[in-house]
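In: Give me coordinates for this.
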Amino acid sequence: MKTLYLDLGMGAAGDMLSAALLELCPEPERILEKLNALNIPGVSFKNESVKKCGIGGTHMTVTVNGEEEESHDHHHEHGHEHSHEHEHSHEHEHEHEHEHSHEHTHSHHHSSMHDIEHIVCGHLDLPDKVKADVMAVYKLIAEAESAVHGVPVTEIHFHEVGTMDAIADITAACLIMNELAPDEVIASPVHVGSGHVKCAHGIIPVPAPATANILTDIPIYGGKIQGELCTPTGAALLKHFVNKFGDMPVMKVKNIGYGMGKKDFEIANCVRAIIGETEDKTDVIYELSANVDDMSGEKIGFAMERLFEAGATEVYTVPVGMKKSRPGILMRAMCHESEKEAVISTFFRHTTTIGIREQKMERYILKREIENVETAYGTIRRKNVSGYGVSRSKYEYDDLAKAAVKNGLSIAEIEANI
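Out: All right, here's what the predicted structure looks like:
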């Protein structure tokens, strides 16, 4: 299995992640050509070889209208009332000092999520998957800003002064990740820095509120370095792409990339990306079981639906003979540890059982990916699975059934013509 491991001992920013991933590509210049050919308004990409603590790596330079943004990667932490006009100047050179200043004598437009989507999905020549990834990352940032500032996501705006720069960073990371196409992405716990940083609203703690919100449920730590090491863009990219956080797995390393920040520390200021081969994927799953003999078929069906909603990956029943020669039902739900408590609560709430058995087990699974296929009958999803030397695909039944009903055809006829 192709596995990507991200060493985040010095945090993560959009350009650092992009640069590290770029170094893993066999033809980095070809990737840069693709990025520049996107024609993001005013944006130009360039890679620069630099050294940190004697380690050679790449810095990804993004210029907007010929100038490199000083606030690179961090122009999108806002959630303010926009009835007034102002400018944000973020001094973030990936260590990162959090200086925000307002100059009310200048007028700057703001870009909403709708505007971002219009640019990314309407004007950039990108694969559909990359467009979806870019918008998913932006959604994480907008939702974090919404939670921090107490305003709806629809009212979150991204300041024009950094919009193209941010789109460039996120698009570069998503495009390169699509080129690398790892089967699994694993990352170390995230070093977020420590101390406090200054913004226009006052002194705030590190990690900044929006970053902290995005990093919910992700292992992070502070350390001795004073400053902000993980930006909202970096956090959102990690949240979207990383499958799990922990130690580097046993792997046969194929290539290593170093994405460099601007500032210098005693520790090399970089993101290290390692790509290689690991054993095919295994997964830890919990099997929760209960026997019932006093529920109707309708109630059992209702309980099964609620268990799926609670996060169960599979729910099934088996007819069994129970004590006092009563026919009954063995109901089982499979789930991951993160959903276990919710599934157990649902079991007790919607079935008559007074006890649930638990078994922890390991299963072998194939990599699964959903692809949208454009057909004469509309968009139909296709599930592609691979691993252990196996590769196969299957169209989603719900989509086939919908297309069959709409066009007055059988499912077999739909399948034969797509």
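In: Next, the contact list for Ile418, please.
Out: By C-beta atoms under 8 Å, 6 or more residues apart in numbering, the residues touching Ile418 are Val373, Thr375, Ala376, Tyr377, Ile380, Tyr395. Bear in mind the C-beta positions are built from the backbone N, C-alpha and C, glycine included.
In: looking at it, Pro219 is touching Pro189, isn't it?
Out: Yes: between Pro219 and Pro189 there is a contact under C-beta atoms under 8 Å: 3.9 Å.
In: Those two: which is more packed in?
Out: More crowded of Pro219 and Pro189, by other C-beta atoms under 10 Å: Pro189, with 14 against 11.
In: show me what contacts the more buried one?
Out: Listed by C-beta under 8 Å, 6+ apart, the contact partners of Pro189 are Leu8, Ile218, Pro219, Ile220, Tyr221, Phe245, Gly246.
In: Let's see which of these end up in strands.
Out: With strands taken from DSSP state E, the overlap with the contacts of Pro189 comprises Ile220, Tyr221, Phe245.
In: Three-state assignment for Lys394, please.
Out: Assigned by DSSP: H, G, I helix; E, B strand; the rest coil, the conformation of Lys394 is strand.
In: Look up the closest residue to it, ignoring the ones flanking it.
Out: Spatial nearest neighbour of Lys394, excluding adjacent residues (C-beta to C-beta, 6 or more residues apart in numbering): Lys383 at 5.2 Å.
In: Please tell me how far that neighbour sits from Lys340.
Out: 25 Å (C-beta to C-beta, to the nearest Å).
In: what's the farthest-apart pair in the contacts of Ile418?
Out: Using C-beta to C-beta, those reach their maximum pairwise distance at Ala376 and Tyr395, which is 13.8 Å.
In: These two: which is more packed in?
Out: Tyr395 (19 against 9).
In: Which positions in stretch 195-211 come out as buried?
Out: Val197, Cys199, Ile204, Val206, Pro207, Ala208, Pro209, Ala210, Thr211 (16 or more other C-beta atoms under 10 Å).
In: Quickly list what the first one is bridged to.
Out: This points to Val197. Beta-bridge partners of Val197, counted by DSSP bridges, are Ile204.
In: That one against Gly227, yeah?
Out: Yes: Val197 lies in contact with Gly227 (C-beta under 8 Å); the separation is 7.1 Å.
In: coming back round to it: now list whatever residues contact both of Pro219 and Pro189.
Out: Common neighbours of Pro219 and Pro189 (C-beta under 8 Å, 6+ apart) are Phe245, Gly246.
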